[in-house]
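> Everything below, folded, please.
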Amino acid sequence: MVVRAEATARGLPVQRHLQPSRLLGLGLDPLAESAYQALLERPAWTLQELALRLAVEPAITAEAVARLTALELVTACDDGLRLRPIRPQVGLTALIARREAELAGSWRELEQGRQAAAELATEAEELCRDHRGGPADMWWGEQARSGIRDLLSSASDEVISMSCTAAGQLDRCATPGWPGIAEGVGYRVVLTACAPDDPRYAGHLCRLARDGAQVRTVGRVPLSMLSVDRTVAVLPLGISATGRAAGVSVLRLPGAVAAMVELFGRVWAEATPLGDPADPEHAGPGPRERTLLALLVAGSTDESAAFRMGVSVRTVRRMVSGLMERLGARSRFEAGALAAEHGWLQAPSARR
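Numbering: from 1, shown residues only. All right, here's what the predicted structure looks like:
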């Protein structure tokens, strides 16, 4: 208010308020534009007189003058005290030309960035499609289907899976097409209790059971998942209206895989074997299990049976545990007797 009072006392016109800048796009804020316009009206004013005209402190006015000088719209007179504005036809025209050049450079940089972004996106997509084996991948469409088939084909120890139902159909991520169980690979599947009643999947489940897979059902499956050899876990990212996974997340982080395997173990312990558990003949052994039973009844040790069947000792012991559970046997001797009673024994046919 002191500056305004001094300007009034000296008879200088005082600017009541700053108008919105019309030259903001050229780098002039409202105060700088007002200072430039005031100098055009009164050329050769000193900084003090301009401050009085604008009714702002000299230090603030000096900042506005410095911006105008940097934009080459104001210069100092020879005496170093008075300010001389550059005519708009010259100063503003030159400023516009400089701004156009800057914008043209920015557009070139933007187009270069746009092209680089497109190239990077293409490279990332190809890398995601071609590179499998990172700690976490996402597969979509045919890539997901072929990737799951490759994982199953590479199994050497055990495949486990749980499957929810969606839109009345099984999640194909957790129950993929299975051409057959490789020698020495265990396969355990947990389904919801209503899934085996769906005729669309009866053939698939029968093939699993015939090939030696263990299938159980439970009232509620917490999530769909597939794990191969306890080193990789596959989870659906989304399920389409047909029940087929739209995409899958492939996890190889040991902690994440271990958590999925532990969850499966808890669900498996609560699930019921497919079929009537009180009727062992209804869920009879597969060919490999019959071979194992015959070898054990003939006196083979776990190590010997594993060698003759071409599997690991761990696989043999897991198969024995599953057979004892299905037979309701408390010892191996009792399991042999019950197996013979139900006609589960056959002559060994393992490779030598």
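
> quick one: the one helix or strand residue 119 maps to to chain centroid distance?
Using DSSP states H and E, residue 119 sits within helix 88-130. Centroid displacement of helix 88-130 relative to its chain, using Cα atoms, centre = their mean, to the nearest Å, is 30 Å.

> what packs against it?
Using 3 or more Cβ pairs under 8 Å, 6 or more residues apart in numbering; DSSP states H and E, no helix or strand is in contact with helix 88-130. Every C-beta, even on glycine, is put in place using the N, C-alpha and C of the backbone.

> got the angle between the next helix or strand after it and helix 88-130?
Downstream of helix 88-130, the first helix or strand assigned by DSSP H and E is strand 136-140. For strand 136-140 against helix 88-130, the angle by axes from the mean of the first three to the mean of the last three Cα atoms, to 10 degrees is 90 degrees.

> what are the ranges of the strands in the stretch 251-352 of the chain?
In the stretch 251-352 of the chain, the segments counted as strands under DSSP state E, counting those that start in this stretch are 272-273.

> mind listing the helices in it by residue range?
Per DSSP state H, counting those that start in this stretch, the stretch 251-352 of the chain carries helices over the ranges 254-270, 287-297, 302-309, 313-327, 332-341.

> Excluding chain neighbours, what is closest to the residue nearest in space to the middle of the chain?
In the chain, the C-alpha nearest the mean C-alpha coordinate belongs to residue 138, at 6.5 Å (Cα atoms, centre = their mean). Nearest residue to residue 138, sequence neighbours excluded (Cβ to Cβ, 6 or more residues apart in numbering): residue 249, at 5.6 Å.

> Give me the below-cutoff pLDDT ranges for this protein.
Low-confidence segments of the chain, defined by pLDDT under 70: 1-19, 118, 120-136, 165-183, 194-207, 209-211, 238-246, 275-284, 346-352.

> Which of the helices of the stretch 251-352 of the chain sits closest to residue 35?
Nearest to residue 35 among these is helix 254-270; the distance by Cβ to Cβ comes to 63.6 Å.

> and that closest one with strand 136-140, angle?
Here the directions of helix 254-270 and strand 136-140 differ by 70 degrees (the same axes, to 10 degrees).

> wait, what's in contact with the residue nearest to the centre of the chain?
Each residue near residue 138 by Cβ atoms under 8 Å, 6 or more residues apart in numbering is listed here: 128, 237, 247-250.

> For my notes, please list the residues you listed in JSON lines and give neighbour count for each entry.
Listed next are these as JSON lines, based on neighbours: other Cβ atoms under 10 Å:
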{"residue": "128", "neighbour count": "15"}
{"residue": "237", "neighbour count": "14"}
{"residue": "247", "neighbour count": "16"}
{"residue": "248", "neighbour count": "27"}
{"residue": "249", "neighbour count": "17"}
{"residue": "250", "neighbour count": "21"}
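
> Among the residues you listed, which lie within strands?
237, 247-250 (DSSP state E).

> Now residue 304. Nearest residue, chain neighbours left out?
residue 295 (7.4 Å).

> Might one say that the one you found is in contact with residue 306?
No - if you go by Cβ atoms under 8 Å, residue 295 and residue 306 don't touch, sitting 9.5 Å apart.
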